[in-house]
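S.K.: Starting from these lines, generate the structure:
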Amino acid sequence: MTAIPTRHMTLEEFLALPEGPPHYEFEEGELIPLPSPTLDHQDILLALAMALKQFVDARQLGRVFMEVDVYLPDGRVLIPDLGFLSAERFSLINPVDRKIHGTPDLVVEITSEDPTRDRIHKFSVYFNNGVPWYWIIDSATLAVEEYRATPEGYLRVSSVGPGAAFQPRLFPGFAVNLAERLEVAAPETEAEPPQD
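M.R.: Sure thing, here's the model as predicted:
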């Protein structure tokens, strides 16, 4: 395994690092290690990604992506859980590394054990880099919040609690109930053998 330097580094040095794992985000010259996701986190991510991809693909709106490096205009490199790039912004997909270099239309973060990075830090970073839409999903409750960028900051334009269908303003006609999609059916009991 290659040792990762802990000193302050340039974006060029970051780009020269080997592909993970482990995976890192890059902010102001510092490597931010990404913790390995939990099963619950990935279940939420897959449920939302599959529903959104089906909706977007059927309407040829653009491209849904999961856990892809996003090179933001201010030099940060973040890896949102989920994102959307409209067809008009496909030029942001770098033809060499196939990563996103610029501002996607939407980023989605699913909270971890410490939600402050998603709710405070990334909230500010995404807004300051011009991301128009930001969704936050509470991994514990499945509550979803949708924010739209305004000149004053992000404005929450929709939200749903646990068990309700999320109908985002960004995608009229789209609805997803994460609690229903994640419900695990009880295992069927084995039939009793016939009695003689």
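
S.K.: Would you mind pulling up the elements that the biggest helix by length in the chain packs against?
M.R.: Secondary structure of the chain per DSSP state H: the longest helix is helix 39-59. If contacts are counted by 3 or more Cβ pairs under 8 Å, 6 or more residues apart in numbering; DSSP states H and E, helix 39-59 sits against strand 62-66, strand 82-86, strand 106-110, helix 178-182. Every C-beta, even on glycine, is put in place using the N, C-alpha and C of the backbone.

S.K.: Could you point out the helix or strand that follows the first one?
M.R.: This points to strand 62-66. As assigned by DSSP states H and E, the chain's next helix or strand after strand 62-66 is strand 70-71.

S.K.: any idea how far Val108 is from Pro168?
M.R.: The spacing between Pro168 and Val108, counted by Cβ to Cβ, to the nearest Å, is 10 Å.

S.K.: try Leu85
M.R.: The gap separating Leu85 from Val108 is 13 Å, by Cβ to Cβ.

S.K.: how about the longest helix of the chain: buried residues?
M.R.: The neighbour-count check on helix 39-59 (16 or more other Cβ atoms under 10 Å) flags His41, Asp43, Ile44, Leu45, Ala47, Leu48, Ala49, Ala51, Leu52, Lys53, Phe55, Val56 as buried.
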